[in-house]
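Student: take this sequence and fold it.
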Amino acid sequence: MDRRKGAVFIGALLILAIIGVGMILVVKTMMENTVKAAVQPFEQANQTVQTKVAEFMHPTPTVIPDPVTIIQEVRSLARLETIQYSVEKVITAEIGQNELGFLFGDRLLFVGHGVVIGGIDLEKMMPEDLWIEGTIVYVRLPEPEVFVAALDNEKSYVYDRETGLLTKGDVNLEKTAREAAENEILKAAVDDGILDLARQNAENYLGRLLRGLGFGDVVFVEE
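Tutor: Below is the predicted model:
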């Protein structure tokens, strides 16, 4: 009988222990949920503050076009584009590079990608610039010219910039570098003979066109 009572007592103790552990787990879970519920508003508020600070420090530009559009001029064009150059130019722009350059100097390295387009403006041709003798067509073309010489903003960028310890840099230095890059790109294309190639391509294109219309031959006359 004593052994049976002891076994019953031990069993009761085990049941009570299991119940106690279960209650402890339930209470712990309830406390954790309560803490989370209490902390969550503060976390959300903190995230909101962080988002507002990020928006303030790195604002997204807002572009608002004026609904009124003023068309200054409409002009008919008869430009025959016959050649295009893609040019890359590296420009170093600097200011204040003297003995105090480490304090007030500003230097940047700009990589400019540009496009230069050349051709013939057929609107400049006069009636006397084209005549026919038998089956031969004589053509006097206007001088070739550059129609477009511009930077490709998507491909052009500031590769490196160094400023002095006491300056934030010249706000116009990048603009100066861009203008210089555009001029150098145009100069490079002209030096490489873009105008001669523009004339040559125009003559080839118009020659094929006029021969296709049934003329026996096409002669391009120089000034």
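Student: could you pull out the strands in the chain for me?
Tutor: Using DSSP state E, the strands of the chain run over 79-95, 106-121, 130-133, 136-139, 145-151, 157-163, 217-220.
Student: most tightly surrounded among those strands?
Tutor: Most buried of the strands of the chain, by mean neighbour count (mean count of other Cβ atoms under 10 Å): strand 106-121, with a mean of 20. (Glycine included, C-beta is placed from N, CA and C.)
Student: about what we covered before: turn the strands of the chain into JSON lines, columns for distance to Glu174.
Tutor: Output for these, formatted as JSON lines (distance: least, Cβ to Cβ, whole Å):
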{"stretch": "strand 79-95", "distance to Glu174": "8"}
{"stretch": "strand 106-121", "distance to Glu174": "6"}
{"stretch": "strand 130-133", "distance to Glu174": "48"}
{"stretch": "strand 136-139", "distance to Glu174": "46"}
{"stretch": "strand 145-151", "distance to Glu174": "12"}
{"stretch": "strand 157-163", "distance to Glu174": "6"}
{"stretch": "strand 217-220", "distance to Glu174": "44"}
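Student: how is this protein partitioned into domains?
Tutor: Split into domains by automatic domain parsing, the chain comes to 1-64, 79-220.
Student: among these, which is nearest Ile70?
Tutor: Ranking those by proximity to Ile70 (Cβ to Cβ) places domain 1-64 first, at 16.8 Å.
Student: quick one, what contacts the residue nearest to Asp217 when sequence neighbours are not counted?
Tutor: Spatial nearest neighbour of Asp217, chain neighbours left out: Ile136 (4.9 Å); criterion: Cβ to Cβ, 6 or more residues apart in numbering. Counting by Cβ atoms under 8 Å, 6 or more residues apart in numbering, Ile136 touches Phe215, Gly216, Asp217, Val218, Val219.
Student: at 7 Å what do you get?
Tutor: By Cβ atoms under 7 Å, 6 or more residues apart in numbering, the contact list for Ile136 reads Gly216, Asp217, Val219.
Student: show me the contacts for the first one.
Tutor: Right, Gly216. Each residue near Gly216 by Cβ under 7 Å, 6+ apart is listed here: Thr135, Ile136.
Student: in the sheet, who's paired with the closest residue to Leu141 other than its chain neighbours?
Tutor: In space, and not counting its chain neighbours, Leu141 is closest to Ile120: 5.6 Å by Cβ to Cβ, 6+ apart. Here Ile120 sits in beta bridges with Leu80, going by DSSP bridges.
Student: what pLDDT is listed against Ile120?
Tutor: With respect to pLDDT, Ile120 has a value of 95.
Student: ok, it touching Val139?
Tutor: No: the criterion here is Cβ atoms under 7 Å, and Ile120 misses it with Val139 at 10.5 Å.
Student: let me see the contact set for Val218.
Tutor: Applying Cβ under 7 Å, 6+ apart, one finds that Val218 lies in contact with Val137, Val139, Gly207, Leu210, Arg211.
Student: mind checking pLDDT for the third one?
Tutor: Just to be clear, that refers to Gly207. Reported pLDDT at Gly207 in the predicted model: 93.
Student: quick one: contacts for it?
Tutor: By Cβ under 7 Å, 6+ apart, the contact list for Gly207 reads Val218.
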